[in-house]
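>>> this one's structure only:
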């Protein structure tokens, strides 16, 4: 019996359809100053493209609109140690999974089997007690003095984990935090929020634009590569999020009076769509791609994302029918007009 060829995927569901080439000099290594002087590419509700600056954002919002932000704070999740043999070790903390116990990505992974010991300081060690199957992350049990607090040790020994494509940055690490970062737990910043300043907040408030907050601790799920050509087969890693009763009430009030709910970043989008107008506290692995029926958001602020990423798939979905083709053409225009890409780069505003 001869095997039948696999059915051809529709482009919206094919990983290769989300690929594009980006010149390396378009990858921003440092943020602009002030934060809101970054550029802003607007796709309005009629699909017109407008080239602005982020401080122009109030021109596209109106009294009664609601901006929703992610108030997570990046922890100094990158730590450096060594094996008992002296071999250097680098870890990236992902999430706490017990008392003084963390799930972490490690380098070099092949040299850190179960039972390995990592020394970080004289009285700070960790042993590898398990390996997570999907990400190959290590379950690390930290051993610290009885009176010590592991969170404080991490604050002292760890470093903010800038993304791997930021290889030549000279910026203050605090620029990788939003000005409203409050609740520690993320291993990466919700970068759409990096563009906001206190002055811009005041201008928006004076205009009658309200704000609300969710918390989603950005983890490996946001960045984990899609490894299947059929994107519908990709499984997102769980990330912890919370949508409060107060935020849900503001969203419902905004909708009732005809205002728009604008999410600042993909993490806000996932949090709100996962909660679906209900308070929520727990983990989500919601993946959004074309065909998804959006329920909460009317607009989104976002940065420019990596090729073949789940974030590109989400943005394509948000733009509705033909969204992927539109988004990929917008990216080509952004490249041609020398926008700055990724975490420290420029922003987009998409209105439905």
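Everything's here; your move. Remember, predicted model here, so these are calculated numbers, not experimental data.

>>> Going by length in residues, pull out the top strand of this protein.
strand 88-98 (DSSP state E).

>>> Now do the buried residues in the longest helix that the chain contains.
Ordering each helix of the chain by length in residues (DSSP state H) puts helix 323-336 first. Using 16 or more other CB atoms under 10 Å as the test for burial, helix 323-336 gives 323, 324, 326, 327, 328, 330, 331, 334, 335. For glycine as for every other residue, the C-beta is placed from the backbone atoms N, C-alpha and C.

>>> got it, and stretch 130-142?
Buried, per 16+ other CB under 10 Å, within stretch 130-142: 131, 132, 135, 137, 138, 139, 140, 141, 142.

>>> shouldn't the fourth one be in contact with residue 104?
So the one you mean is residue 137. Yes: if you go by CB atoms under 8 Å, residue 137 and residue 104 touch, sitting 5.9 Å apart.

>>> anything in contact with each of the two?
Common contacts of residue 137 and residue 104, defined by CB atoms under 8 Å, 6 or more residues apart in numbering, comprise residue 94.

>>> Next, format the buried residues of helix 323-336 as TSV and append pLDDT and distance to residue 288.
Formatted as TSV, the buried residues of helix 323-336 follow (pLDDT from 0 to 100; distance: CB to CB, whole Å):
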residue	pLDDT	distance to residue 288
323	98	11
324	98	13
326	98	16
327	98	13
328	98	17
330	98	18
331	98	18
334	98	21
335	98	24
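
>>> Closest one to residue 232 out of those, please.
Distance to residue 232, by CB to CB, is smallest for residue 324 among the buried residues of helix 323-336, at 14.0 Å.

>>> quick one: the closest one from residue 16, how far?
12 Å (CB to CB, to the nearest Å).

>>> cool, residue 103 as well?
From residue 103 to residue 16 the distance is 31 Å (CB to CB).

>>> Ok, residue 339 next?
23 Å.

>>> same check, this time on residue 302
For residue 302, the distance to residue 16 - CB to CB - is 22 Å.

>>> Settle it for me: which of the two has more neighbours?
residue 302 (21 against 11; other CB atoms under 10 Å).

>>> what bridges to that one?
residue 348 (DSSP bridges).

>>> still on that earlier bit, next, give me the two most distant ones among the buried residues of stretch 130-142.
135 and 142 (19.3 Å).

>>> about what we covered before: which residues outside the longest strand of the chain are in contact with it?
75, 77-83, 102-108, 112, 118, 135, 137-141, 154, 158, 161, 185, 187, 217, 219-220, 240.

>>> Go through those and flag which are in helices.
Those of those lying in helices (DSSP H): 154, 220.

>>> are any of the contacts of strand 88-98 buried, and which?
Buried among those (16+ other CB under 10 Å): 75, 77-79, 81, 102-106, 112, 118, 135, 137-141, 154, 158, 161, 185, 187, 217, 219-220, 240.

>>> all helices for the stretch 151-300 of the chain, in order.
198-207, 220-223, 245-256, 266-275 (DSSP state H, counting those that start in this stretch).

>>> Check what contacts the longest helix of the chain and list those residues.
Applying CB under 8 Å, 6+ apart, the set of residues contacting helix 323-336 is 11-12, 17-18, 20, 22-23, 26, 41, 43, 47, 49, 290, 304, 312, 315-317, 319, 341, 346, 348.

>>> ok, now stretch 244-257?
So stretch 244-257 is contacted by 64-66, 68, 210, 212-214, 260-261, 272, 275, 277-279, 296 (CB under 8 Å, 6+ apart).

>>> which among the residues you listed gets closest to residue 180?
residue 213 (7.4 Å).

>>> so where's this protein uncertain?
1-7, 221-223 (pLDDT under 70).

>>> Can you name the helix or strand that residue 73 falls in?
strand 72-74 (DSSP states H and E).

>>> just checking, what packs against that strand?
Helices and strands touching strand 72-74, by 3 or more CB pairs under 8 Å, 6 or more residues apart in numbering; DSSP states H and E, are strand 183-186.

>>> And the residue nearest the centre of this protein?
Nearest to the mean C-alpha position of the chain, counting by CA atoms, centre = their mean, stands residue 190 at 4.8 Å.

>>> what residues are up against it?
Contacts of residue 190 (CB under 8 Å, 6+ apart): 69, 70, 72, 178, 216, 218, 264, 265, 267, 268.

>>> so which of these comes closest to residue 30?
residue 178 (16.6 Å).

>>> picking that back up, now flag whichever of the contacts of residue 190 is closest to residue 285.
Using CB to CB, the contacts of residue 190 come closest to residue 285 at residue 216, 11.8 Å.

>>> What about that closest one, how many residues nearby?
Count around residue 216 with other CB under 10 Å applied: 29.

>>> same deal with residue 320?
12.

>>> next one: residue 33
10.

>>> Equivalent analysis for the one 5 residues further on, please.
Taking other CB under 10 Å as the criterion, the count of residues near residue 38 is 22.

>>> tell me how far the ends of stretch 51-71 are from each other?
Start and end residues of stretch 51-71 are separated by 28 Å (CA to CA, to the nearest Å).

>>> Can you mark which positions in that stretch are buried?
In stretch 51-71, counting by 16+ other CB under 10 Å, buried: 54, 55, 57, 60, 61, 65, 66, 67, 68, 69, 70, 71.

>>> Out of those residues, which is nearest to residue 229?
Among those, and counting by CB to CB, the member closest to residue 229 is residue 70, at 30.6 Å.
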